[in-house]
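Colleague: fold the following and give me the result.
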Amino acid sequence: MENLKIVEGEGGDLDVLMNAIGRKARKAARILALAPPEQKSLALRAAATILRARVKDLLDANALDMANARTKNLAASMLDRLMLDDKRIAGMAQSLDDIADLPDPVGRVLETFERPNGLRIARVATPLGVVGVIFESRPNVTADAGALCLKAGNAAILRAGSESFHSSRLIHACLVAGLKEAGLPEDGVALIPTRDRAAVGAMLTGLNGAIDVIVPRGGKSLVARVQAEARVPVFAHLEGIVHVYVDAEADLAKAEKILLNAKMRRTGICGAAETLLVDCAGADRLLAPLVRLLLDANCEVRGDEATRKVDARVKPAAEEDWSTEYLEAIIAAKLVDGVQGAIDHIETYGSHHTDCIVTENKEKAEKFLREVDSAIVIHNASTQFADGGEFGFGAEIGIATGRMHARGPVGVAQLTSFKYVVHGEGQTRA
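Modeller: Here you go, the predicted model:
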């Protein structure tokens, strides 16, 4: 599979390539939908073993990608997402093993009920079919997306960004080798073998009905394009404008620990905090220590008038700062009027991704968790737990902020649909 022809031109050749990939994936999806759990898990464990054996090759491929990325002057957050090292490769392989160990989602009986006429009806989980995944700089998405789709009995068509092209091809080769070892169709996980951007447009059309759902993983411009142009359903989030609200009844030491981790553990991920909200009733006790904690950690703070007064290093916040996903060491900060003020601010400026309240008051926490309409709401913990792996899903194919089908981390369970299975004893309808 590593010797696939790289098609760089546009037009007929690309159309032929893309439609062929779609047809093969659709055929593979029928086989994967019926594959026994043990066979799918075998493919994933074999891929993990092969990945561990090819660490040096993968580091060499990633070095090429990193060198190319530096010539393009990519932001530090993008370079961080792109970079692989021994630890991250080991994490990828472990993720494959973790997904293999998950309960098989296909065939789960989600609900049963019986009608007065004696019909017995069950709602049973089934694979989605063919999942198209379009992503940019994170090569680990190749492993996570391919593995999650396979575990859920789906075929996957992956389109890596040009930044991660060499790394993704090698990771894909490991997945294909795992499929082959398990006796499953190698076309079950396809990687588009071209950097031609027209391939994205082809996927968004659905490849003549081959693709059932699209998942974009990348920057705002990519996700916006996918949401605007896709002719098939989309699981996605446009931005992660993540808030940490520190209530007047928060434990300061706990708030400091949570805030620093939420913002600075990794600034370039979608679960990183972008706005700090502090209850004005607790400002005298909370605001200055929290702001100085961030500043001393080399995080730029852009604040309202009250926030600027606590430290001269705080820069003035503009209106657009409240709705900006920085993905770097910058945070916006302001005072709000209690938990209701925090909820109102989040409703106005948030992106329905992840939001957190820090408080020791159970009633305030429950109000926040009930009324904030985000895919993930958190009480007294870092927003960087907004991750499928941390949820016990093994990994995630993305975070969905829509309200249809999947919401929050999209793992194997969310990559299934369902059908109704009806048992009768000869009943007919009057």
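
Colleague: what's the offset of stretch 258-278 from the middle of its chain?
Modeller: In terms of CA atoms, centre = their mean, to the nearest Å, the centre of stretch 258-278 is found 17 Å from the chain centre.

Colleague: pull out the buried residues from it.
Modeller: Judged by neighbour count using 16 or more other CB atoms under 10 Å, the buried positions of stretch 258-278 are 258-264, 267-278. The way it works is simple: take the backbone N, C-alpha and C, and place the C-beta from them, glycine included.

Colleague: touching whatever helix or strand residue 44 lives in from outside, list them.
Modeller: Residue 44 belongs to helix 37-53 when assigned by DSSP states H and E. For helix 37-53, the surrounding residues in contact (CB atoms under 8 Å, 6 or more residues apart in numbering) are 32, 58, 89-90, 92-94, 96-97, 99-101, 104, 106, 143, 147, 150-151, 153, 171, 174-175, 177-179, 181-184.

Colleague: buried subset of the residues you listed?
Modeller: Buried residues within the contacts of helix 37-53, defined by neighbour count using 16+ other CB under 10 Å: 32, 58, 89, 92-94, 96-97, 99-100, 104, 106, 143, 147, 150-151, 153, 171, 174-175, 177-179, 182, 184.

Colleague: narrow those residues to those in helices?
Modeller: Of the buried ones among the contacts of helix 37-53, the ones assigned to helices by DSSP state H are 32, 58, 89, 92-94, 96-97, 99-100, 143, 147, 150-151, 171, 174-175, 177-179.

Colleague: buried residues in the helix holding residue 44, which are they?
Modeller: Neighbour-count burial for helix 37-53, counted by 16+ other CB under 10 Å, picks out 37, 40-52.

Colleague: closest to residue 344 out of those residues?
Modeller: Relative to residue 344, the closest of these is residue 44; by CB to CB it sits at 45.2 Å.

Colleague: tell me the pLDDT of the closest one.
Modeller: Looking at residue 44, its pLDDT is 98.

Colleague: ok, now which ones touch the closest residue to it other than its chain neighbours?
Modeller: Counting by CB to CB, 6 or more residues apart in numbering, the nearest residue to residue 44 once its immediate chain neighbours are dropped is residue 100, at 3.9 Å. Contacts of residue 100 were listed using CB under 8 Å, 6+ apart, and they are 40-42, 44-45, 48, 147, 151.

Colleague: in TSV, list the residues you listed along with distance to residue 347.
Modeller: Formatted as TSV, the contacts of residue 100 follow (distance: CB to CB, whole Å):
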residue	distance to residue 347
40	42
41	43
42	47
44	41
45	45
48	43
147	36
151	36
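
Colleague: from these, which is closest to residue 282?
Modeller: Compare each of the contacts of residue 100 with residue 282 using CB to CB and the shortest gap goes to residue 147, at 44.5 Å.
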